[in-house]
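**Q** here is a sequence together with a model predicted from it:
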Amino acid sequence: MKNIPKPHPAKINRRLFVKLLPAAGLGGAAIANAQQPQQQSPEKITKEMMRAAEQLIGIELIDAQEAMALPGVNRNLASYEALRKIDVPLDTEPAIAFHPAPPGKKFNSAKTKIKASKVEPPKFKSVEELAFCTVAQLAELVRTKQVSPVELTKMYLARLKKYGPALLCVVTLTEELALKQAEEAEREIRRGKYRGPLHGIPCGVKDLFATKGIKTTWGAEPFRDQMIDYDSTVVERLRDAGAVLVAKLSMGALAQGGRWFGGMTRNPWQPEETETGSSGSSAGSASSTSAGLVGFSIGTETLGSIVSPSSRCGVTGLRPTYGRVSRYGAMGLSWTMDKIGPICRGVEDCALVLDAIYGPDGRDITVGDAAFNWNPDRPLAQMRIGYVKAEFERGPGQGGNQSAGEERKKMYQEALDALRQAGAKLEPMELPQFSAQSLRIILNAEAATAFDDITRDGRVNQLSGQSPNDWPNSFRTSRFITAVEYIRAQRARTLLMREMDSLMLKWDVFVTPAPGSASLLITNLTGHPAVITRCGFINNLPQAIMFTGNLYDEAAPLRVALAYERATKWHTMHPNLDKLA
């Protein structure tokens, strides 16, 4: 044992001080140093500052407790300042991981060959007539050599150039790469090497996926010239499936809303509307897919960023289970809530795209090894399907439009009737009664952490959105969320996950309106998958319905959504872009 120097006379009770040090997380070396003569330096944090902070953190200390804590608070501040000097690259994950499944829960890892529906390829006179086809239809035309990948790619590139500027849905047109990939796909298919339903199909990705040699701007002014020197896993897997990347698509700046440095992405159904546009943050993915500018697209969701724009633009979106698709190379906003999924013009398209991009990659440790096995012929009568009755019957609310409220109720009643006629046995159900809103601080804290550097150095002030609800204010505000409250919220999240797990033991799928369902926040926190598709129009704008399934079972909500799609006409309707020409 080291010899401890003789105590130096001091005015404080050294015995009490030494007792406090372990509680502050300091070891024996710190105790020895504390007993050495120290040059007293002015404390940056004063008692008066602490008293103000106590109001925020929900504790009240007496004078003696404040005096006792003050040295540790100042030492912590020194640690914070040292941490801020460490260069942490933006693509660095925290040394923690979130897993949505309860401990010990088993999932099927046996993969079967995907079973797709038989599709009758459409008749056409010109390639332009194929713009609004589904992936399944395009794939059959490509497979049977009725149309070539190069023809499709040139057609979609032309539409992107023609309509993209008016819709503000394209950040970067990847024409050179697209033509090269299309030519390669055409050569392979001629030689009999057909990779599957995405082979030769032009697509776009939200501009938060890293693409080597092509800008990845995150829709934000500070990053508009950013080049990342590797491809994200999603981009790699699309390439491996033979898909053709034609564009990097717009997104709300740093994945919020529809406004990016180029302006507000427009909704093809209402392009003149500039306030909400196509919604966000997968704004360009939904807009371009709806407008027939790509065969399909990839978006991301943290708290509604696939559901909301898909609803507004009248397309079909799939938010997979958290940890289903690797986030490697994708901008991190909330490491425990970010999810990646397809946005398409048909339900089965989402299944085909998910099949190509899901599964472990050895880079994202949150990705589970659970199989996605798609069967479009699964009988609905054998599935346990609930619906949140109260949400479907909800009126316009205080001060709302009564006639619009009645129109909404009628539309959703017809949607539920169509499901029943398709063979679904619907049973009323209720969502967990849980204070999920209080858990939003998880997203706020993680987002503020992800962009802490640009908040402190002022680059966040370059973003075009500077209102109270925009990221800059949220990042600054979230600096006042304490670590204790963040971790408490994560513990409360565990309780919510248990409640959802108990609820979903009773159901294969449940149905809600979208957006506007309380399930949106709940299931984004618990990681459950959801499919959103069109169910009608109000005031000439698409409306949507949502199907939510069990963890790692996207096939069930996709199957119910497919039955609904087949029983209705909504997926056959597309926006008229003549006014944009």
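**A** Now that the structure is in, tell me what you want to look at. As the structure is a computational prediction, the values presented were derived from the model and not from experiment.
**Q** tell me the SS of residue 548?
**A** strand (DSSP: H, G, I helix; E, B strand; the rest coil).
**Q** state the distance from the residue lying closest to it once chain neighbours are set aside to residue 198.
**A** In this structure, residue 548 finds its nearest non-sequential neighbour in residue 530, 4.5 Å apart by CB to CB, 6 or more residues apart in numbering. The C-beta positions use only the backbone N, C-alpha and C, and glycine is treated the same way. Per CB to CB, to the nearest Å, residue 530 is found 22 Å from residue 198.
**Q** returning to that earlier point: tell me the bridge partners for the residue nearest to residue 548.
**A** On the basis of DSSP bridges, residue 530 is bridged to residue 319, residue 548.
**Q** could you do residue 264 as well?
**A** Beta-bridge partners for residue 264, by DSSP bridges, are residue 259.
**Q** need the per-residue pLDDT for it.
**A** pLDDT, residue 264: 97.
**Q** make 273 the first number, not 1, from now on.
**A** Got it, first residue is 273 now, which makes that one residue 536.
**Q** the residue nearest to residue 820 contacts residue 588, correct?
**A** No: in this structure, residue 802 is not within contact of residue 588 by CB atoms under 8 Å, at 11.4 Å.
**Q** list the contacts of residue 354.
**A** Residues near residue 354 by CB atoms under 8 Å, 6 or more residues apart in numbering: none.
**Q** the helix or strand it falls within: what's the following helix or strand?
**A** Using DSSP states H and E, residue 354 maps to helix 335-356. Under the assignment DSSP H and E, the closest C-terminal helix or strand after helix 335-356 is helix 407-415.
**Q** what mean pLDDT does that next one get?
**A** 98.
**Q** got the buried residues for it?
**A** Residues of helix 407-415 classed as buried: 407, 408, 409, 410, 411, 412, 413, 414 (neighbour count, 16 or more other CB atoms under 10 Å).
**Q** so can I have TSV of the residues you listed showing distance to residue 824?
**A** Putting the buried residues of helix 407-415 into TSV (distance: CB to CB, whole Å) gives the following:
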residue	distance to residue 824
407	23
408	24
409	29
410	28
411	25
412	29
413	32
414	30
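**Q** what about the strands in the stretch 373-522 of the chain?
**A** Secondary structure of the stretch 373-522 of the chain (DSSP state E, counting those that start in this stretch): strands at 442-445, 474-478, 516-521.
**Q** from the middle of its chain, how far away would the helix holding residue 354 be?
**A** 37 Å (CA atoms, centre = their mean, to the nearest Å).
**Q** which one of the buried residues of helix 407-415 sits closest to residue 581?
**A** residue 407 (18.5 Å; CB to CB).
**Q** which residues does the residue lying closest to residue 514 once chain neighbours are set aside contact?
**A** With sequence-adjacent residues excluded and distances taken as CB to CB, 6+ apart, residue 514 is closest to residue 471, at 3.3 Å. Residues in contact with residue 471 (CB under 8 Å, 6+ apart) are 411, 414, 415, 421, 457, 460, 461, 513, 514, 515.
**Q** and the gap between residue 471 and residue 458?
**A** 10 Å.
**Q** ditto for residue 691
**A** Relative to residue 458, and taking CB to CB, residue 691 is found at 41 Å.
**Q** repeat for residue 470
**A** Residue 470 is 14 Å from residue 458, by CB to CB.
**Q** tell me which of the two has more neighbours.
**A** residue 470 (28 against 20; other CB atoms under 10 Å).
**Q** can you pull out the low-pLDDT segments for the stretch 623-772 of the chain?
**A** Applying pLDDT under 70 to the stretch 623-772 of the chain picks out residues 667-672.
**Q** which stretches of it form helices?
**A** Listed from the start of the chain, the stretch 623-772 of the chain has helices (DSSP state H, counting those that start in this stretch) covering 661-664, 674-693, 713-722, 724-728, 743-750, 755-776.
**Q** for residue 346, which of these is the nearest?
**A** The nearest among the helices of the stretch 623-772 of the chain, by CB to CB, is helix 755-776 at 17.1 Å.
**Q** picking that back up, what's the closest of the helices of the stretch 623-772 of the chain to residue 606?
**A** For residue 606, the closest of the helices of the stretch 623-772 of the chain is helix 713-722, at 4.2 Å, according to CB to CB.
**Q** from the chain's centre, how far out does the closest one sit?
**A** That offset, for helix 713-722, works out to 14 Å (CA atoms, centre = their mean).
**Q** elements contacting it?
**A** Counting contacts by 3 or more CB pairs under 8 Å, 6 or more residues apart in numbering; DSSP states H and E, helix 713-722 packs against helix 743-750, helix 755-776.
**Q** any idea how far the shortest one is from the chain center?
**A** Yep, that's helix 743-750 we're talking about. That offset, for helix 743-750, works out to 19 Å (CA atoms, centre = their mean).
**Q** and that helix, what does it pack onto?
**A** helix 713-722, helix 724-728.
**Q** can you rerun that using 6 Å?
**A** helix 713-722 (3 or more CB pairs under 6 Å, 6 or more residues apart in numbering; DSSP states H and E).
**Q** now do the helix it packs on against helix 755-776, angle only.
**A** 130 degrees (axes from the mean of the first three to the mean of the last three CA atoms, to 10 degrees).
**Q** so which bits of helix 713-722 are buried?
**A** Result for helix 713-722 [16+ other CB under 10 Å]: buried residues 713, 714, 715, 716, 717, 718, 719, 720, 721, 722.
**Q** phi, psi of the residue nearest to residue 680 when sequence neighbours are not counted?
**A** The spatially closest residue to residue 680, leaving aside those adjacent along the chain, is residue 810, at 6.5 Å (CB to CB, 6+ apart). Phi and psi for residue 810, reported as degrees, to the nearest 10, are phi -130, psi 130.
**Q** could you do the one 5 residues further on as well?
**A** Residue 815 adopts backbone torsions of phi -120, psi 160, taken as degrees, to the nearest 10.
**Q** count of neighbours near the residue lying closest to it once chain neighbours are set aside?
**A** In space, and not counting its chain neighbours, residue 815 is closest to residue 808: 4.9 Å by CB to CB, 6+ apart. Using other CB under 10 Å, residue 808 has 20 other residues around it.
**Q** doesn't residue 808 belong to a strand?
**A** Yes: counting by three-state DSSP, residue 808 is part of a strand.
**Q** that one against residue 816, yeah?
**A** No: in this structure, residue 808 is not within contact of residue 816 by CB atoms under 6 Å, at 8.7 Å.
**Q** need the overlap of contacts for those two.
**A** Common contacts of residue 808 and residue 816 (CB atoms under 6 Å, 6 or more residues apart in numbering): none found.
**Q** residue ranges with poor pLDDT in the chain?
**A** For the chain, counting by pLDDT under 70, the residues that fall below are 273-313, 667-672.
**Q** tell me the contacts of the residue most central in space within it?
**A** By CA atoms, centre = their mean, the chain has its centre lying nearest to residue 573, at 1.5 Å. Going by CB under 6 Å, 6+ apart, residue 573 touches 591, 611.
**Q** with residue 600 instead?
**A** 505, 635, 636.
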